[in-house]
Each structure stands twice: as structure tokens, then as C-alpha cells.
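Q: The following block contains a protein sequence and its predicted model.
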Amino acid sequence: MLLPAQVIQKKRDGVPLDGAEIRQFILGFTRGEIPDYQMSALAMAICFQGMNEAETLELTRAMVESGAVVQWPDASFYVDKHSTGGIGDKTSLLLAPLVACCGLKVPMLSGRGLGPTGGTLDKLESIPGFHIDLSLAEFQRVTEKVGCVITGTTPEIAPADKKLYALRDVTATVSCMPLIVASIMSKKLAENVAGLVLDVKWGSGAFMRTREASAELARAMVAVGKLYGKRVIALQTDMNQPLGTTIGNALEVRECLEILGGNPGATDLVEVTWALGAEMILLAGLVNDVAAARKMLDKQLASGAALAKFYEMIEAQGGKPDCPLPWARHQRPIAAPRSGTIQSIACDDLGYAVIALGGGRKAAGEKIDPSVGFEHPRKTGEQVTAGEPLMTMHYNDEAGAEAAERLVKAAYRIGEEPATRHPIVSDRFE
């Protein structure tokens, strides 16, 4: 067996690592036998030299094996969805109850905001009393009782990922493709669901800025999932503008409640949600085509079952659905600086504007204000007149509002030329 320094040297020199070498290194690091500096050195070597498909699979497998693998009863089909994150992306809040109503079990392990992108857990914590730190036993219990659950990753699930990510964050190795794939897929594979649908975003508000990079990530994750014996598909979706009609934690929960209550509202959010939900239903083999799967989702929405299921999940996780959501003290429109067609939106700047209002974190562990954010953002291709609202800002302090308003105005590029709008769902990988 090679010493850790020899494994680092081998990867540094571009020689593929075998499964035993990767497993030895990752499990040794998780147990504290291999120090941080050697793990950081290997991560940087992987960044420079990359990993082939077999190595990426073995890295993912080692990270799964660093902790517990959830065991489910055989009677149901368990399915999850993962998004690479975006501005206004609240699809998990809609998908979990909708798909659960169709007879599937939907155990979701989610995260907090990362950089400018909002986090599903932060949105749910704006619901009074809602617990996002369930134990593994509670995670399984709520899944079986309600049919869906959304919580943070438990300490037992892929502990190597949490430990390694802390190093990647401070060693400029976050953007390394094999490490991204292993990080995402290890947590999902440790959930031990039978099916997984991936929402891989691209654009100005996404981690992957280009369609090419997004497609590369989608293909790599699907390949690892399939080699692991799971049913996996990925949809590539647009994040060059905010998804839906709200940006900000409590505002986004309100939007989801309105949709689940029968008001479709934002067509782009509904389109992405229904596309992902249909794929989850197809993976379970409940129907044979997308049209039939969409009809199932429509039925659950129209009957009120999906809204009832969402409330059931809230109560099962300690939340109080009858308590009002936080509401900011002040609202004001942000005026368009000129007339014309919205050419493009620097979508990540809208996320940073939420952070300026206090609705996101500048540093890990910061307390956030769930009430602030934006409503009714104008989208690419729309005509605006100078002085018309680009969006409505919800805020609690003037200094933050001024900084946020500057970011919003700078994010919008308005011109005279016709604008190109990208399809909401641009590709599918399986």
C-alpha cells in the first residue's frame, strides 16, 4: 500500500489512482489519520490533473463509505432531486409535496445558501418552528410517515464530504469538476434512493456559467450515478435570470404556497418544477410518457392534495403553518434607469443584493433576515420605460437598501436591440 505522499505524487504526475488508493486516502483523512495539508495537496493535484470516470466513481464511493448509508423498506420507490443552485430557485419546496402525492417517497437532503445563491434550508427556516436539523432516524421517520422530508445533511451521511469541502473552500479547489461530482453525488448516493433527478443550471446566476461546462457536469454526475446502479437523469436549465416572481427566503415560501394553492403564477418556475417532477415520476415507472406524468402533477395540484402535503411536512418537522411568515417593514420599487429592452441580467448580482439587505450570509454562521428580498423582477426580453419598476424591494434598513438598489440597477443591461431568451430547459442527459 502506498504512503499518502506517494498517492499525492502519483496523481501530481498524472497517473490514475486505483480504487484502493483513493479509498485508503479518503477514509484515512476522515478518521484523522491523514492530515489536512496532505488532503489539500491531493485536492490540488486532482484540480491540475483531473480524474477519469473510474477514478471519479471510486472517489465518490469512498466518500459514501466514509459514513452511513440509509436503509429503506423495499415497498416504495424513493426518489430525490438535486439542483446546482440559482437565484429564486425554490423548486424543492414544490416538488417534494407534489411528487409525494403521486405515491413516491421523497427524502431530500438540502443545503444553505452558497455565495449569491439562496439555500433551501434558509427558505424553510423562515417558517416559524420548522426544524432543518433532523437526526437520521427522524429523517427516515418523517419520510415514511408523510412521504417527503427536507432537512440538512446529518453528521452520519458522507462525513468525508463535509470535512473535504471545508478545505476546498480555502484552497481554491471548489471549482474542480471531479471534486464537485463526488461532493454532490456522495450525499445523494448515501441517501440510497432508487432514482435521482439532477437540475444542472447554467448562466449568470449559476455555478457553471456556460452551457458547455454545465453539460460536462451533468454528464459526469449521470455517469457516476449509473455506474453506482441508480436510475439518474439530468436536465440542463437556464439561470440567466431569476426563477419565479420572488427572491428572498420568506417571499419565496409565500410564492410556493400560492402555487400549491392553485395559482400557477410564474410560468418559468412552474415549467422547471413540472419538468423535474415528470422525470421523477417516469423514473419510478408510474407512467410511460412525460404528458401522463404532468397530468398526475396537475391533478395533485388541482385537488389541493399537494398543499395539504406541504402543510403535513411542515407540522412533522416542528413548523407552525398557521403562524404568519416574516414580513419586512418597508417596500419600495427600484426604478429602471432608462427605457428599452432588457438585454441581459447579471443574475448573481441579484443574489448579492439580497445579501446586502441581510437576507444572505457574508460569512458562514451569520444570522440572516428571512423577511427581505425582491418581488416581481422584470425578465430578459421585456420592454421597460425609464422610471418603471425593475422589481419591488422588501427591506428593513436604509443602508442595506441603498447598496442593494445599486446592485440591482447595475445587474440590468437595457438597450435598443432585440434580446435573446434561452429555453428554460435546454437539454436532457441520461
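A: The structure has been received and is ready for your questions. Numbering: from 1, shown residues only.
Q: can we go C-alpha only for contacts and neighbour counts from here?
A: OK.
Q: neighbouring contacts of the helix or strand bottoming out on mean pLDDT in the chain?
A: Among the helices and strands of the chain, helix 159-170 carries the lowest confidence by mean pLDDT, DSSP states H and E, at a mean of 89. With CA atoms under 8 Å, 6 or more residues apart in numbering as the test, helix 159-170 has contacts from 26-27, 29-30, 36, 39-40, 43, 63, 66-67, 174, 183, 186-187.
Q: Closest one of the residues you listed to G340?
A: Comparing these against G340 with CA to CA places V174 closest, at 38.3 Å.
Q: Quick one: residues contacting the residue nearest to M44 when sequence neighbours are not counted.
A: Closest residue to M44 apart from its sequence neighbours, by CA to CA, 6 or more residues apart in numbering: T173 at 6.4 Å. Residues near T173 by CA under 8 Å, 6+ apart: 43-44, 47.
Q: Near the closest residue in space to H82 that isn't next to it in sequence, how many other residues are there?
A: Sequence neighbours aside, L198 is the residue nearest to H82 in space, at 4.9 Å (criterion: CA to CA, 6+ apart). For L198, the neighbour count with other CA atoms under 10 Å is 23.
Q: who's in contact with L198?
A: 81-83, 218, 232-235.
Q: Okay, helices next: where are they in the stretch 151-300 of the chain?
A: Assigned by DSSP state H, counting those that start in this stretch, the helices in the stretch 151-300 of the chain fall at 159-170, 177-191, 211-227, 249-260, 267-284, 290-303.
Q: would you list those helices in JSON lines and tack on mean neighbour count?
A: Output for the helices of the stretch 151-300 of the chain, formatted as JSON lines (neighbours: other CA atoms under 10 Å):
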{"stretch": "helix 159-170", "mean neighbour count": "17"}
{"stretch": "helix 177-191", "mean neighbour count": "23"}
{"stretch": "helix 211-227", "mean neighbour count": "20"}
{"stretch": "helix 249-260", "mean neighbour count": "23"}
{"stretch": "helix 267-284", "mean neighbour count": "21"}
{"stretch": "helix 290-303", "mean neighbour count": "17"}
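Q: got JSON lines for those, with distance to C148 too?
A: What follows is the helices of the stretch 151-300 of the chain, written out as JSON lines (distance: least, CA to CA, whole Å):
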{"stretch": "helix 159-170", "distance to C148": "23"}
{"stretch": "helix 177-191", "distance to C148": "13"}
{"stretch": "helix 211-227", "distance to C148": "22"}
{"stretch": "helix 249-260", "distance to C148": "15"}
{"stretch": "helix 267-284", "distance to C148": "13"}
{"stretch": "helix 290-303", "distance to C148": "15"}
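Q: Those: which one's closest to H330?
A: Between H330 and the helices of the stretch 151-300 of the chain, the shortest separation by CA to CA is 13.6 Å, and it involves helix 249-260.
Q: between that closest one and helix 290-303, how many degrees?
A: 100 degrees (axes from the mean of the first three to the mean of the last three CA atoms, to 10 degrees).
Q: Could you list the residues in contact with helix 249-260?
A: 88, 90, 93-94, 118, 122-124, 126-127, 245-246, 264-265, 301, 304, 306-307, 325-327, 359, 370-375.
Q: can you rerun that using 6 Å?
A: Residues outside helix 249-260 that contact it (CA atoms under 6 Å, 6 or more residues apart in numbering) are 123, 126, 246, 307, 370-371.
Q: and if you look at stretch 312-329?
A: For stretch 312-329, the external contacting residues (CA under 6 Å, 6+ apart) are 128-131, 371-372, 394-396.
Q: Please report the separation between the first and final residues of stretch 32-40.
A: In stretch 32-40, first residue to last residue: 14 Å (CA to CA, to the nearest Å).
Q: before we move on, the earlier item: what's the closest of the contacts of stretch 312-329 to T273?
A: Distances from T273 to those, taken by CA to CA, are shortest for F130, at 22.8 Å.
Q: Tell me the spacing between the residue nearest to the closest one when sequence neighbours are not counted and P178.
A: What sits nearest to F130 in space, not counting adjacent residues and going by CA to CA, 6+ apart, is G319, at 3.8 Å. Going from G319 to P178 by CA to CA gives 37 Å.
Q: Please apply the same query to A404.
A: Relative to P178, A404 is positioned 35 Å away (CA to CA).
Q: same question, E21
A: Applying CA to CA, the value for E21 to P178 is 16 Å.
Q: tell me the mean pLDDT for stretch 201-217?
A: Here stretch 201-217 scores 94 as its mean pLDDT.
Q: This structure: strands as residue ranges?
A: 79-83, 106-110, 148-152, 195-202, 231-238, 246-247, 330-335, 340-345, 373-375, 383-384, 389-395, 412-415, 425-429 (DSSP state E).
Q: and for stretch 383-397, what are the contacting residues?
A: Under the criterion CA under 6 Å, 6+ apart, residues 328-341, 372-378 lie in contact with stretch 383-397.
Q: which of those count as buried?
A: Among the contacts of stretch 383-397, the ones that count as buried by 16 or more other CA atoms under 10 Å are 328, 331, 333-337, 340-341, 372-378.
Q: In CSV: the contacts of helix 249-260, plus pLDDT, distance to A353 and neighbour count.
A: Output for these, formatted as CSV (pLDDT from 0 to 100; distance: CA to CA, whole Å; neighbours: other CA atoms under 10 Å):
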residue, pLDDT, distance to A353, neighbour count
K123, 95, 16, 23
S126, 96, 19, 22
T246, 97, 13, 26
L307, 97, 30, 24
P370, 96, 14, 24
S371, 97, 14, 24
